[in-house]
Every structure is written in structure tokens, then in C-alpha cells.
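Chemist: With the input below, show me the fold.
(one chain, ligands or ions: 1)
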Amino acid sequence: MSDAPPPVDTDLSTTCLNCGAQMQPEHAHYRCLECGWRDSCCDGPY
Ligand SMILES: [Zn+2]
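Modeler: Numbers count the residues shown, from 1 in each chain. This is a model prediction of the structure:
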């Protein structure tokens with residue numbers, strides 16, 4: 001089946017790079033509620 005991508009406005013800055021779920025803002029960064037991924041905008045990679 002050829003289905004068009006969901007028409008949601010995907011904000012890459014709040015999209016989980018690991019599973020693609022929408023991340024939620026948590027303190028100084030975003031956290032994915034699906035897989036627990038956190039972006040490292042301020043803390044840096046660790
Ligand atoms: Zn995720």
C-alpha cells in the first residue's frame with residue numbers, strides 16, 4: 001500500500017532521532033517518552 005506520510009508538522013527539533021516519536025521538553029532538553037532518548041542540546045553527548 002502506498003500511503004502518504006502523515007500530514008503532521010514534524011518538528012525535527014522535537015522528534016526522537018532514535019524512534020521518531022515526538023519528544024517532550026524536559027528541563028533543558030527534550031526527552032522521548034517512547035524509548036527514553038534524550039537530545040543533548042545543552043548537556044552535550046555523554
Ligand atoms: Zn524515541
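
Chemist: Next, the nearest residue to residue 17 once chain neighbours are set aside: phi, psi?
Modeler: Using CB to CB, 6 or more residues apart in numbering and skipping the chain neighbours, the partner closest in space to residue 17 is residue 37 (6.7 Å). Placement of C-beta: from N, CA and C, glycine included. Reported as degrees, to the nearest 10, the phi and psi values for residue 37 are phi -60, psi 140.

Chemist: per-residue pLDDT, residue 37?
Modeler: Note on residue 37: pLDDT of 89.

Chemist: can you check residue 33 too?
Modeler: Looking at residue 33, its pLDDT stands at 92.

Chemist: quick one: contacts for it?
Modeler: When contacts are counted by CB atoms under 8 Å, 6 or more residues apart in numbering, residue 33 touches 21, 23-24.

Chemist: near the ion, which residues of the protein?
Modeler: Contact residues, the chain versus the ion (CB under 5 Å from the ion): 16, 18-19, 21, 32, 34-35, 37.

Chemist: Name the member of those residues with the most neighbours.
Modeler: When neighbours are counted by other CB atoms under 10 Å, residue 32 leads the residues of the chain next to the ion with 21 neighbours.

Chemist: Now it. Nearest residue, chain neighbours left out?
Modeler: Nearest non-adjacent residue to residue 32, counting by CB to CB, 6+ apart: residue 16, 3.8 Å away.

Chemist: go on, residue 21?
Modeler: Once flanking residues are discounted, residue 21 sits nearest to residue 34: 3.9 Å by CB to CB, 6+ apart.

Chemist: Kindly provide the distance from that neighbour to residue 25.
Modeler: Separation of residue 34 from residue 25 (CB to CB, to the nearest Å): 15 Å.
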